[in-house]
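Colleague: mind folding the following:
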Amino acid sequence: MNSKIGFITIGQSPRIDLIPDIKKLLNPDIDILEMGILDDYDYGEASEKFKPDNGDAVLVSRMRDGQQIKLGKKKIIPLIQKSIDYMNKIEVDLIILLCTGQFPLFNSKVLLIEPQQLVHSLVEEITLNRNVVIIVPDEEQLTVAEKVWRKRKIKFILRVASPYINNEEIEKVALNLINEDISLVYMDCMGYSIDMKERVGKILKKPVLIPRTLIASISNELI
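Modeller: Next up, the predicted model:
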């Protein structure tokens, strides 16, 4: 019997923009189950019910039809826990939250991976006090991103380019960084694809990290 990984997106499933990248890196004997915390809502309902309040952290994800949606972190925490409970009930071997936001501790009998601490720690360890570019999807995330990365005590440059709206913006950001002294680019959202990673790397001639490929590698080690 194949092992099963449950993927939870904070948008809607299926994530046809994300899961194929992960699947081609996973061992062939691993089955994928995915669900989205917004699967029971349409865009209008979700954008109104879960819109960020003043002072709440803004998270960005994707609806089934490709639309970008902004969500307030505090409002979606119960939905994430509900999805984790369901994945526990259907007995997957590993649960992965497809979001790099910072969350409180969730309850799960099954091993649960929340990517932020893993990926951010890796970025901190390998930059060795050299400049790293952090790309986030939305302007409204800059304040929180600044606080989060300051705690890591690394030298960083923050830039904004959404993976869900206009991919040309990602290339523009990279082109504007050509003359910067940087050692690494980290694209801090599950929405950034292997194709986006490769385009940025080609422009800057620097290593580029994206969460989805790192999570796929970790999954192979754990399963």
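
Colleague: against Leu142, how distant is Val136?
Modeller: 7 Å (Cβ to Cβ, to the nearest Å). Yep, even glycine has a C-beta here, placed from its N, CA and C like the rest.

Colleague: do Val200 as well
Modeller: 19 Å.

Colleague: overlap of the contact sets of Val136 and Leu142?
Modeller: 158, 160 (Cβ atoms under 8 Å, 6 or more residues apart in numbering).

Colleague: what about the longest helix in the protein?
Modeller: Criterion DSSP state H: the longest helix present in the chain is helix 73-89.

Colleague: quick one: mean pLDDT over that helix.
Modeller: The average pLDDT for helix 73-89 rounds to 98.

Colleague: please identify which of Val136 and Leu142 sits among more neighbours.
Modeller: Val136 (23 against 15; other Cβ atoms under 10 Å).

Colleague: just list the residues touching the most centrally placed residue in the chain, thanks.
Modeller: In the chain, the centroid-proximal residue (Cα atoms, centre = their mean) is Met190; its distance is 2.6 Å. Listed by Cβ under 8 Å, 6+ apart, the contact set of Met190 reads 9, 18, 98-100, 115, 211-212.

Colleague: where in the chain is pLDDT low?
Modeller: By pLDDT under 70, the chain contains no weakly predicted segment.

Colleague: domain assignment for it?
Modeller: Following automatic domain parsing, one gets these domains for the chain: 3-115+213-222, 117-210.

Colleague: end to end, how far does the longest one reach?
Modeller: Taking Cα to Cα, to the nearest Å, the span from the opening residue of domain 3-115+213-222 to its closing residue is 11 Å.

Colleague: and that domain, how far out from the chain middle?
Modeller: 9 Å (Cα atoms, centre = their mean, to the nearest Å).

Colleague: check the shortest one too.
Modeller: Centroid separation for domain 117-210 versus its chain: 12 Å, with Cα atoms, centre = their mean.
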